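>>> This is a predicted model, with the sequence first.
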Amino acid sequence: MKTRTGRLMLSMGAALLLVTGSVTAGKASSEDASRVRQLMQQQAGMMTPELQAKVKDLSPDTKRLLMQILSSHDRYSDRVTLRQVMHEVLSDYQSMVAGVMTDNPEQAADSAIRIANHRIPVGGLLPYLGIENINDERLAVLESFNDSVEGNARKLAAVAGKGDMTAASRLVGDIAAGCVGCHAVFRGQPGVSAYLKK
């Protein structure tokens, strides 16, 4: 059993190294590429064998997408969960909206940047998405959600930084739509009890 798990870890690590290298080549410094490779190896080592096998079976395109998402962040935690990260994102979203509503471009821009560069939870994103969602079809939607949330948050920061709060206000709903869409696919309704009759 240990030998099989060891081989799986080695092949996953090699695949992640190859994907990391192809994604980050030309887009980041070799130091950044090395940092992302180390991070991916750490995350893979934290995964259960079942999740490791699912990740290993992902297509190169899906692995490339995951690496692009991961490499756009520079805040990683070794303690907080995805739920805790989402609480931070919600606080930043509320602060961003408050900045827009009170015509405070600095608050809106700073909060939007924090949304776009939210913390990556312990173990990465995949362990929190549900094992049934770790496949090419389901993970493909992450690109559009990422563009809706993080991409529009960066746009909001840029226009707010120029003092154009009207343009910033138009992006608030697009960011929220990305959040809600992602939750519909990967989270479901929070707080549901198994002890209530259906």
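Happy to help now that I have it.
>>> counting contacts, what elements does the helix or strand harbouring Ala168 pack onto?
Secondary structure assignment for Ala168, by DSSP states H and E: helix 165-186. Secondary-structure packing of helix 165-186 (3 or more CB pairs under 8 Å, 6 or more residues apart in numbering; DSSP states H and E): helix 82-101, helix 105-116, helix 142-146, helix 152-161. Any C-beta I mention is one placed from the backbone N, CA and C, and that applies to glycine too.
>>> mind checking which of these is nearest Thr62?
Nearest to Thr62 among the helices and strands packed on helix 165-186 is helix 142-146; the distance by CB to CB comes to 8.9 Å.
>>> Using PDB, write out every CA atom in the closest one.
What follows is helix 142-146, C-alpha atoms only, in PDB (Å, rounded to 0.1, in the frame of the first residue of the first chain):
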ATOM      1  CA  LEU A 142     -13.900  27.900 -12.400                       C
ATOM      2  CA  GLU A 143     -12.400  30.000 -15.200                       C
ATOM      3  CA  SER A 144     -15.600  32.000 -15.700                       C
ATOM      4  CA  PHE A 145     -16.300  32.300 -12.000                       C
ATOM      5  CA  ASN A 146     -12.700  33.500 -11.500                       C
END
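>>> And that helix, how far out from the chain middle?
Put simply, helix 142-146 sits 9 Å off its chain's centre (CA atoms, centre = their mean, to the nearest Å).
>>> quick one on the thing from earlier: sort out which residues of the helix holding Ala168 are buried, please.
Met165, Ala168, Ser169, Leu171, Val172, Asp174, Ile175, Gly178, Cys179, Cys182, Phe186 (16 or more other CB atoms under 10 Å).
>>> got the helices and strands packed on helix 165-186 as a markdown table, with mean pLDDT, mean neighbour count and distance to Ser193 columns?
Shown next, in a markdown table, are those (pLDDT from 0 to 100; neighbours: other CB atoms under 10 Å; distance: least, CB to CB, whole Å):
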| stretch | mean pLDDT | mean neighbour count | distance to Ser193 |
| --- | --- | --- | --- |
| helix 82-101 | 98 | 17 | 17 |
| helix 105-116 | 98 | 21 | 30 |
| helix 142-146 | 96 | 17 | 27 |
| helix 152-161 | 98 | 22 | 33 |
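>>> a markdown table for those helices, including distance to Ser34?
Output for those, formatted as a markdown table (distance: least, CB to CB, whole Å):
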| stretch | distance to Ser34 |
| --- | --- |
| helix 82-101 | 24 |
| helix 105-116 | 23 |
| helix 142-146 | 23 |
| helix 152-161 | 25 |
